[in-house]
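In: sequence below, structure please.
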Amino acid sequence: MKDAEHRQEIDERARVEEVVRAIAGGDQVEVVARPMTIETNLSSRPVTLTLPLRDVTLPSDPAECAAYLNKMGIFIEHSDGEKEVVVGEVVTLANGEFGLQFSVNKFSTFTIIHARGNGDSGRQLPKI
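Out: Reported below is the predicted structural model:
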C-alpha cells in the first residue's frame, strides 16, 4: 500500500477496530509495517502466507525480541467486509529476516500490528 492517504486510513482502522481492541485488551496497538493488499482469483482454498518483517525495527536483545514478536498479529480486512486478527507463527526467512506465517482462505488487506501495554508487560496476544 503505497498511497499515503489510504495507508493512514488503514492504520487508523487497525488501531480502533473492535476486533483489534478485543484481542489487545487495554494495550496500545501500533501498526509496524506497511499494509499489503493481496488479490487473487483463488477462493475458498486455504493458503499459507508469510509476511516479511523487513520494515520492523526489532529489539537487539534476544529476550526482548522474543517478547516483542509474541505481541504481534495481523489485522485482516477481507474484501467481503469481514475483519479479523490472526496471530501468525514467527518464521525465519531464507535471508535471515523474520516473517509472520499464517493461513487464510480469503484475500484482502493485511496489516501487521503490535500490542504494547504499560511498560510492555509481556502479555502475549492469544493464538486464534
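
In: may I have the strands that pair with the strand ranked longest in the chain, each with its orientation?
Out: Taking DSSP state E as the criterion, the chain has its longest strand at strand 108-116. Its sheet considered, strand 108-116 pairs with strand 28-31 (antiparallel), strand 36-37 (antiparallel), strand 72-78 (antiparallel) by DSSP bridges.

In: could those be laid out in TSV, adding mean neighbour count and distance to Val20?
Out: All C-beta spots, glycine's among them, are computed from the backbone N, C-alpha and C. Listed next are the strands paired with strand 108-116 as TSV, based on neighbours: other C-beta atoms under 10 Å; distance: least, C-beta to C-beta, whole Å:
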stretch	mean neighbour count	distance to Val20
strand 28-31	16	6
strand 36-37	14	17
strand 72-78	21	6
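
In: could I get those strands as CSV with mean pLDDT and distance to Asn105?
Out: Converted to CSV, these look like this (pLDDT from 0 to 100; distance: least, C-beta to C-beta, whole Å):
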stretch, mean pLDDT, distance to Asn105
strand 28-31, 88, 24
strand 36-37, 88, 17
strand 72-78, 92, 10
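
In: all the helices of this structure, residue numbers only.
Out: Listed in chain order, the helices of the chain (DSSP state H) span 4-16, 18-24, 62-69.

In: got a markdown table for those, with mean neighbour count too?
Out: Converted to a markdown table, the helices of the chain look like this (neighbours: other C-beta atoms under 10 Å):
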| stretch | mean neighbour count |
| --- | --- |
| helix 4-16 | 14 |
| helix 18-24 | 15 |
| helix 62-69 | 14 |
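
In: what's the closest of those helices to Arg54?
Out: The closest of those to Arg54 is helix 62-69. By C-beta to C-beta, the value is 14.2 Å.

In: avg pLDDT for the closest one?
Out: Mean pLDDT, helix 62-69: 91.

In: ok so, going back, is it possible to get TSV of the strands paired with strand 108-116 that adds distance to Leu53?
Out: Formatted as TSV, the strands paired with strand 108-116 follow (distance: least, C-beta to C-beta, whole Å):
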stretch	distance to Leu53
strand 28-31	13
strand 36-37	12
strand 72-78	8
